[in-house]
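S.K.: Give me coordinates for this.
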Amino acid sequence: LETYHGPQTDESSGMMRIECTVLPAGATGFVTMQGNQGTKFISQVLPLTGFCQEVEQTLEACANTVQKLFSFFGSKLSELSGQGRDAALLHAKSEVSKLKGRAAGAQSSLQKLQQKFEEARREF
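M.R.: Numbers count the residues shown, from 1 in each chain. As a prediction, this is how the structure comes out:
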């Protein structure tokens, strides 16, 4: 539902109503937000609230993925450590170690981004 006007109290019934449009269908009508006894049926959510929830979910999903990568590279390094001293294995270990470092950097960057996002949201 989308609305362009604030809620209004119906004088005759005492109920709080708001004019809304159903986005997929384009139908417009009034929706009762709160009954005359104070029972809330729906509450208004600002677009910013939905956006913030999406950003939080995306950041959390990214952080989980980076954590999985970090763990994966750690386990591969452990496997390679017990394999011997062959030149190819040493090279592979070096490359996996670099990738693990990049994953750690991405993890740190995501944590900083999450902190900045939370600070900005609190300030807003």
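S.K.: Now do the lengthiest helix in the chain, average pLDDT.
M.R.: Longest among the helix segments of the chain by residue count, using DSSP state H, is helix 87-123. Regarding helix 87-123, the rounded mean pLDDT is 92.
S.K.: Can you verify my assumption that Gly29 contacts Glu19?
M.R.: Yes - contact criterion CB atoms under 8 Å: Gly29 and Glu19 qualify, at 7.3 Å. Where C-beta positions appear, they are placed from N, C-alpha and C, glycine not excepted.
S.K.: confidence score at Lys68?
M.R.: In this model, Lys68 carries a pLDDT of 95.
S.K.: Lys76 belongs to a strand, doesn't it?
M.R.: No - counting by DSSP: H, G, I helix; E, B strand; the rest coil, Lys76 is not found in a strand; it is helix.
S.K.: Who has more neighbours out of Gly29 and Glu19?
M.R.: Glu19 (14 against 10; other CB atoms under 10 Å).
S.K.: List of residues touching the helix or strand that contains that one?
M.R.: Using DSSP states H and E, Glu19 falls within strand 16-21. Around strand 16-21, the neighbours that count as contacts under CB atoms under 8 Å, 6 or more residues apart in numbering are 1-10, 27-34, 44.
S.K.: Please identify the buried residues of the very next helix or strand once past it?
M.R.: Per DSSP H and E, the first helix or strand lying C-terminal to strand 16-21 is strand 28-34. Using 16 or more other CB atoms under 10 Å as the test for burial, strand 28-34 gives 32-34.
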